[in-house]
Structure formats: structure tokens, C-alpha cells
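>>> I would like the atomic coordinates for the input below:
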Amino acid sequence: MYKSLVRPFLFLFDPEDIHRFVFDGLSFYKYIPFARKVVRSTTHSAIELKGLKFKSRIGLAAGMDKGAEVYDELSDFGFGFIEIGTITPNVQVGNPRPRIFRLVEDQSLISRTGFNNPGLPVILKRLANSNDRNYILGANINRDSTSSGEQLEADFLLLFTKLYADVDYFTLNWGSINPDDFEAVLLALTGYRKTQEEQRKIFIKLPADIPMEVLDLVIQLARQYHTDGFIATGPTMDRRGLKHLTPDEGDKIGAGGVSGKGLGDKSLKIVQHLANLVKGEFIIIGAGGVMTPKDAVAMIAAGADLIQIYSAFIYGGPGIVKSMDRALTKKH
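Below you'll find the model as predicted:
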């Protein structure tokens with residue numbers, strides 16, 4: 001029903017307008033008696049990794065709920081973990097609209113949002129009652145767009161310390177800052193973590209276009225600073241996987257990263273490379289190009305411990321989470 005009736009209607013409108021419409025609906029539905037009990041999905045692919053208990057191997061990637069508005073409601077669809085953000089210290093308006101483009105025939109998205117989010121103070125208010133939950137909550141964090149040098153490091157540390165009590169893990173995006181700054185941030189965050197009784201996990205999210213020699217450097221840093229895992233991967237700037245996008249259409253859309261099916265097997269190959277090198281030393285979350293239950297099974301077979309989706313939720317609808325969960329249960 002979603003693909004034949006609901007999705008065609010939703011896709012008549014601007015992606016961000018529909019995003020707002022859906023989020024407003026989710027904010028309202030929790031007040032409808034028994035609605036959440038009806039919607040909530042039973043999951044079966046539970047797993048425990050490094051002390052974190054995931055009720056399902058399927059998670060929601062950062063970018064869907066940037067402002068921590070309906071993360072709890074989204075968990076009802078069967079996600080074992082939800083990642084909010086990207087969060088910055090202060091409000092970021094991001095790039096001008098339109099900045100998200102659907103490529104329906106390619107089951108892909110091109111986006112250049114620019115980390116738009118309401119900022120840390122608003123996020124903290126929305127997380128005030130987040131401790132009573134049965135799923136894992138992560139936060140993708142980054143600096144303000146104008147921050148550099150010592151202020152850049154201070155931005156990350158502020159986010160890390162202020163959010164530390166409210167989330168289970170943090171994600172840092174490799175490539176969003178230069179390698180020297182990234183190492184300085186890791187040093188600051190892991191230094192703070194050592195002072196805490198509870199050890200929040202730190203994941204490094206890798207871009208799809210990362211060269212293998214750079215990936216080896218990131219693994220070295222992860223070992224040096226005792227981070228806990230990798231998310232592989234974010235979008236790609238390579239558009240060769242978009243079989244139905246003409247050059248003129250691409251020029252009209254302009255800049256932006258490709259997510260969804262158009263990512264091809266880039267993420268799968270990086271997961272395979274990671275798995276061969278680290279051999280269970282780190283948690284590996286396979287993300288990018290995972291659009292179907294078959295894709296999810298292939299990603300786990302490649303060496304991922306968990307799956308993170310975004311485009312699949314848009315193109316496949318809420319039911320895709322349960323479908324992937326069932327497929328993974330049959331294989332494990």
C-alpha cells in the first residue's frame with residue numbers, strides 16, 4: 001500500500017515539506033489512545049555488542065531526525081537504534097532550499113542540507129525525558145560552520161559533555177574537518193570519557209569515497225584513541241550509479257551527495273575491507289545503499305554487525321524495517 005498509494009502522493013510535494021508534515025503527524029499520533037501499541041513492531045534480530053543491547057540490528061541514520069523531534073516515535077517502527085543530528089552548538093540554517101532531490105527511478109536522493117539543526121539548547125530540552133526507552137540512542141555531532149582552531153575543538157567537547165548523560169553513543173564524521181583537527185577532537189573526547197564512570201561509545205562515520213589508504217589511517221586513529229566502531233558509509237559524490245539521471249538534470253540539481261541505491265556497492269566494499277582488517281575489534285555499522293531486505297543480509301554477510309538506513313525508509317516506507325528484521329532473523 002505504501003509504494004502504490006501513499007508514496008506517490010507524498011512524492012508530489014517538496015521533500016522537506018513532506019518531512020515536516022510527517023513529523024507533525026508523528027508528534028500528534030502519540031496522543032491517540034492505543035495508537036503506539038498498535039504501531040509498535042516486535043523485533044527478532046536482537047544483538048549485544050560491547051555492552052550495548054540492540055533490540056534489532058536495524059537502525060535509523062542521522063539526517064532523518066536532525067532536531068531530536070520524534071526519535072521516540074520513530075522507534076515504534078522497529079528500529080533497534082536511532083541516531084539524531086547532526087547536532088551543532090548553535091542553530092544552523094543550512095544551505096538554501098531546494099536542497100534535497102528525489103531520483104525515484106534510481107531510488108536515490110541527492111542532498112546538500114548543510115547540517116541544518118536547531119542547536120544544542122533545543123536538543124537538550126527535547127532529550128530531557130529520553131532515558132526511559134528500550135532502544136539505543138546516538139548523536140551525530142559537529143562544529144558550528146564558522147568555528148575553526150581551538151573553537152572547533154571546544155564545539156565538539158561542549159556537545160560531547162552536555163549530551164553525555166542523554167545518549168548511548170556519539171558519531172563523528174570523517175571528512176567534515178581536516179585530519180589534524182579530527183585527531184585533536186578524538187584526544188579531547190576520549191580524555192573526557194576517561195573521567196566518567198559510564199563509557200559512552202564513539203563511532204567514526206566514513207564517507208563512501210574514502211580512499212583505502214586513508215581508511216587505513218582512520219583505523220590507526222581509532223585504535224590509538226580506543227573508539228568503538230565505524231559507520232560505513234555516508235553519501236558519495238560519484239553519480240555514475242544514477243542510471244536514469246541525464247547530464248542536464250544533474251546540472252539543474254547542482255551539487256550534493258548521493259544516497260540510496262545510487263551508491264552502488266561502495267559501502268559494501270568498505271565494510272568488507274574493514275571487517276577483514278579489524279576482525280571483530282570494532283563494531284561495524286553498514287549504511288548506504290541498503291534498500292531491501294536482501295541488501296541488509298548482504299551487508300551483514302560482508303562483515304557488518306548492524307545496519308543503518310535512511311533512503312530505504314523513504315522509498316520503502318515504515319514496513320521496510322520489519323522486513324529487514326525478518327530477513328536477518330532467518331539468516332542468523
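>>> For I47, the count of nearby residues, please.
Neighbourhood size, I47 [other C-beta atoms under 10 Å]: 16. Backbone N, C-alpha and C define where each C-beta goes, glycine included.
>>> do L158 as well
15.
>>> Against L120, how distant is it?
Here the criterion is C-beta to C-beta, to the nearest Å. By it, L158 lies 7 Å from L120.
>>> do the same with Q220
Taking C-beta to C-beta, one finds Q220 at 31 Å from L120.
>>> who's more crowded, these two?
Set Q220 next to L120 and count neighbours by other C-beta under 10 Å: L120 wins out with 20 against 10.
>>> dump the residue contacts of the more buried one.
Contacts here follow C-beta atoms under 8 Å, 6 or more residues apart in numbering; on that basis L120 touches 87-90, 158-159, 162-163.
>>> Any buried residues in the helix or strand containing I18, and which?
I18 is part of helix 15-29, with elements assigned from DSSP states H and E. For helix 15-29, a neighbour-count test (16 or more other C-beta atoms under 10 Å) marks 15, 18-19, 23, 26 as buried.
>>> What confidence value was assigned to the nearest residue to L159 once chain neighbours are set aside?
Leaving aside its chain neighbours, L159 sits nearest to I141 (4.3 Å; criterion: C-beta to C-beta, 6 or more residues apart in numbering). Looking at I141, its pLDDT is 98.
>>> Any idea what I141 is bridged to?
Per DSSP bridges, the residues bridged to I141 are I87.
>>> That one reaches L172, doesn't it?
Yes. The criterion here is C-beta atoms under 8 Å, and I141 meets it with L172 at 6.9 Å.
>>> shared neighbours of L158 and L120, anything?
Counting by C-beta under 8 Å, 6+ apart, the residues touching both L158 and L120 are P89.
>>> Mind telling me what element V185 is part of?
Using DSSP H and E, V185 falls in helix 179-194.
>>> Report the distance from that helix to the chain centre.
Put simply, helix 179-194 sits 21 Å off its chain's centre (C-alpha atoms, centre = their mean, to the nearest Å).
>>> What of stretch 23-39?
23 Å.
>>> Please work out which residues outside it touch it.
For stretch 23-39, the surrounding residues in contact (C-beta under 8 Å, 6+ apart) are 65, 69-70, 72-74, 76-77.
>>> Can you get me the start-to-end distance on it?
The first and last residues of stretch 23-39 sit 15 Å apart, counting by C-alpha to C-alpha, to the nearest Å.
>>> wait, S147 sits on L157?
No. S147 lies out of contact with L157 (C-beta under 8 Å); the separation is 11.6 Å.
>>> Point out where this structure drops to low pLDDT.
331-332 (pLDDT under 70).
>>> residues contacting the residue most central in space within it?
Ranked by distance to the mean C-alpha position of the chain (C-alpha atoms, centre = their mean), the top residue is A61 at 2.1 Å. Listed by C-beta under 8 Å, 6+ apart, the contact set of A61 reads 83, 231, 287, 308-310.
>>> okay if I get those as a markdown table plus neighbour count?
Below are the contacts of A61 laid out as a markdown table (neighbours: other C-beta atoms under 10 Å):
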| residue | neighbour count |
| --- | --- |
| E83 | 30 |
| I231 | 30 |
| A287 | 30 |
| Q308 | 29 |
| I309 | 27 |
| Y310 | 23 |
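>>> What number of residues are in the vicinity of T113?
Neighbours of T113 (other C-beta under 10 Å): 18.
>>> what's near enough to touch A232?
By C-beta under 8 Å, 6+ apart, the neighbours of A232 are 205-206, 267, 270-271, 274, 284-288, 304.
>>> Could you report the distance from it to D325?
Computed as C-beta to C-beta, the A232 to D325 distance reads 20 Å.
>>> show me where the stretch 101-250 of the chain has strands.
108-111, 136-141, 169-173, 201-206, 229-232 (DSSP state E, counting those that start in this stretch).
>>> hey, which of these is tucked in deepest?
Highest mean neighbour count among the strands of the stretch 101-250 of the chain (mean count of other C-beta atoms under 10 Å): strand 229-232, with a mean of 29.
>>> can you tell me how far the nearest residue to D168 once chain neighbours are set aside sits from H44?
Once flanking residues are discounted, D168 sits nearest to I136: 4.8 Å by C-beta to C-beta, 6+ apart. For I136, the distance to H44 (C-beta to C-beta) stands at 17 Å.
>>> N129: how many residues sit nearby?
If you count neighbours by other C-beta under 10 Å, N129 ends up with 10.
>>> what's the spacing between it and K201?
22 Å.
>>> go on, I58?
Here the criterion is C-beta to C-beta. By it, I58 lies 18 Å from K201.
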